[in-house]
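Peer 1: Sequence first, then the predicted structure, then my questions.
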Amino acid sequence: MKVLFFSPHAATWIHAFPEALVADALMKQGHDVIYITCGRTFNRFCVPMTASGVAFDSTDEARARICERCERNARLLQDELQLQGQTLSDILTPSDYEETNAILAGMSPKDITTLARDGIELGRVALYQLVLRNKRNDLDLSEREWREYLVELKHTIYAWLAVRRLLDIHRPDRIVVYNGLYSVNRAATLLAEARGIPSYFLHAGSNLSNRLQSLMIARSDTFVYLSKIIADWRRFADVPCSHHLLSQVTDHFIETTRARSVFAYSKERSHGLFDVRSHFGIGQDQKIIIAAMSSNDEEAAGLLVGAQPPRRPPVFPTQIEWIRAVLDFIAARPELFLIIRVHPREFPNRREGVTSQHAQQLQQSLLSLPPNARVNWPADNISLYDLVDQADLFLNAWSSVGKDVALLGMPVVLYGDDLTGYPAELNRVGTTLEDYFSEIDGALAEGWNFDYARRAYRWNVYEFVRCTVFIGDSYPELEHISRSVPRKVIDRIQSRLDPDFRQHRDLKRRLPHMQAEKQIDEILTTKACCLPELMDPEQVEQASFDEETAALRVELKRLADALFPAPEFRKLSRLYGRLVGEVVPS
């Protein structure tokens, strides 16, 4: 089998190194690998530049530094792992540049949705990173955004032209990219698929406690992947999990509450017990409902580039209409109090520095509220985990909050059964207007439930472990490990003496053969869409139902202790007693 690795983003080592490990594993299984790197073809702007804080209109020197790092990393990987291939700059010809310039010269904003070559909507494909960076819901681009888009489009066309030639020359059996949604990668994989060549994407796992030690390997992109693993979930939903597996989920949740990762959007939980009622002016007899809003940017980007699969229409067409309906419901129910939690990603955060279009619309929509409703804006600096203790119910759009608080046994109600990146069955779902508000009343009556925690833990085991390939034996990297002061000093000195110290260290400590080598080979050779396709639920690591129950009690105690570390606050907490089994709620 011949596998083409389209790998133009070597500057991002935490992506490039796992990608190269997969290429190495395939070579050791007897496959031919062609490893294609950038060669400064995308020197005007690229994904690693964004990750390093370099904008499309930054100085030439700033961009050149990223290109130098990219070339250095690529050479290291090629030399150490004997990866053979070319750069995109070697492949593209003067006529390719002429064709690209001709397309760009004829472009106007109205052509974005119509520009296509070889059946690939290049105009749409080029939108992905721009929509995410600028948090747009539509294509009404500003003058600056249009200039930025043209750079993205130019590079997307380069990728299409280069891969078209590569497919003609090498005739690979598979193509592999890191993240199938990046514009240049998507152009490459769509072209391959159009020619009947299965395309695979790689991506770090979702467990924030060991994210880089696990790897998604699946067909197409993350939108397709999530829909596929959710569809396969029913085969594993009734499999009790061992303590070893459950503990990894707890590790993730605890890391999330620490808010050290850029993928954890809530601020760190308070060390004391946050007085939700006093802060928001909530009466002692009122039940508290948290409406957890979601970020629109990834959803909008997926829809605009054509990656988001069609969904059944939910009860509410937009989040704003959802919140308005809930506010009408709450206004007539003085015994309830609603806190509308706006997603932190809608505003400037550690990953993006702009306010979304959706956030601006929300600011207008939420000016007038009934007396028993308040908005929790990101600027309030309140952790989600400060709210959860006194909450009676969460309402969710499609945020991962819905599965996170379910781990704590909290009831959650959704307004659509295929909106979330996890199975709707982890929560309660209303699929009509009447059913939705009926589910809210039902959830309030039911309250905390141990079975919510069980189902959520099983799903997270499935997502974090069963659906990913473990590469930690060759890449034992932890992103937020605590280092002693002497260790920090030594690391700093080593990095100054050798700017590639980290890369050399990683290459040196990899194993001759990864544990996952045969697993990686099997995924690609069988053309499997994702790992669960190759698994027998009877053969996966599991436990008895009673063993799982006992282990869950231990893990919920770990969660409780992490959320409420101070003993003096534990007796004041509603949730702590439930998690440790001291209180059985009515």
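Peer 2: Thanks, I have it. Numbers count the residues shown, from 1 in each chain.
Peer 1: just for the stretch 201-350 of the chain, where's the confidence low?
Peer 2: Using pLDDT under 70 as the threshold, the predicted model of the stretch 201-350 of the chain has low-confidence ranges 262-265, 267, 349-350.
Peer 1: Strands along that one, start to end?
Peer 2: Under the criterion DSSP state E, counting those that start in this stretch, the stretch 201-350 of the chain contains strands at 214-219, 287-292, 336-341.
Peer 1: between these, which gets nearest to Leu369?
Peer 2: Counting by Cβ to Cβ, Leu369 lies closest to strand 336-341 out of these; the figure is 8.2 Å. From N, CA and C alone the C-beta is placed, and that goes for glycine too.
Peer 1: list the helices and strands whichever helix or strand comes after the closest one packs on?
Peer 2: Tracing the chain C-terminally past strand 336-341 and defining elements by DSSP states H and E, one meets helix 357-365 next. For helix 357-365, the packing partners by 3 or more Cβ pairs under 8 Å, 6 or more residues apart in numbering; DSSP states H and E come out as helix 319-331.
Peer 1: And for the helix it packs on, what's in contact with it?
Peer 2: 289, 291, 293-294, 296, 315-316, 336-338, 340, 358, 361-362, 365-366, 369-370, 372-373, 395, 397, 415, 433, 437, 440 (Cβ atoms under 8 Å, 6 or more residues apart in numbering).
Peer 1: Report pLDDT for the residue nearest to Arg483 when sequence neighbours are not counted.
Peer 2: Beyond its immediate neighbours in the sequence, the residue positioned closest to Arg483 (Cβ to Cβ, 6 or more residues apart in numbering) is Asp491, lying 7.1 Å away. You'll see Asp491 listed with a pLDDT of 75.
Peer 1: so Asp491 touches Ile481, yeah?
Peer 2: No: at 11.1 Å, Asp491 does not count as touching Ile481 under the criterion of Cβ atoms under 8 Å.
Peer 1: Please say which of those two ends up with more neighbours.
Peer 2: When neighbours are counted by other Cβ atoms under 10 Å, Asp491 comes out ahead of the other of Asp491 and Ile481, with 14 against 7.
Peer 1: any idea which element that one lies in?
Peer 2: Secondary structure assignment for Asp491, by DSSP H and E: helix 485-497.
Peer 1: Does that helix pack against any helices or strands, and if so which?
Peer 2: Here helix 485-497 touches helix 501-509, going by 3+ Cβ pairs under 8 Å, 6+ apart.
Peer 1: just the strands in the stretch 51-200 of the chain please.
Peer 2: 174-178, 199-204.
Peer 1: now those strands as CSV including distance to Val465 and mean neighbour count?
Peer 2: Putting these into CSV (distance: least, Cβ to Cβ, whole Å; neighbours: other Cβ atoms under 10 Å) gives the following:
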stretch, distance to Val465, mean neighbour count
strand 174-178, 21, 26
strand 199-204, 14, 24
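Peer 1: Quick one, which of these gets closest to Ser278.
Peer 2: In terms of Cβ to Cβ, the element of the strands of the stretch 51-200 of the chain nearest to Ser278 is strand 199-204, at 40.3 Å.
Peer 1: in its sheet, what does the closest one sit against?
Peer 2: strand 174-178 (parallel), strand 214-219 (antiparallel) (DSSP bridges).
Peer 1: For Ala116, which non-adjacent residue is closest in space?
Peer 2: The nearest residue in space to Ala116 (Cβ to Cβ, 6+ apart) is Leu122, at 6.3 Å.
Peer 1: neighbours around that neighbour, how many?
Peer 2: Every residue meeting other Cβ under 10 Å relative to Leu122 is counted, giving 22.
Peer 1: Check the gap between it and Val305 for me.
Peer 2: Applying Cβ to Cβ, to the nearest Å, the value for Leu122 to Val305 is 10 Å.
Peer 1: So which of the strands of the stretch 51-200 of the chain is nearest Arg578?
Peer 2: Taking Cβ to Cβ as the measure, the strands of the stretch 51-200 of the chain were each checked against Arg578, and strand 199-204 came out nearest at 33.0 Å.
Peer 1: what about that closest one, distance to the chain center?
Peer 2: On the basis of Cα atoms, centre = their mean, to the nearest Å, strand 199-204 is displaced by 13 Å from the centre of the chain it belongs to.
Peer 1: same thing with stretch 289-302?
Peer 2: 13 Å.
Peer 1: Show the end-to-end separation of that stretch, please.
Peer 2: End-to-end distance for stretch 289-302, by Cα to Cα, to the nearest Å: 30 Å.
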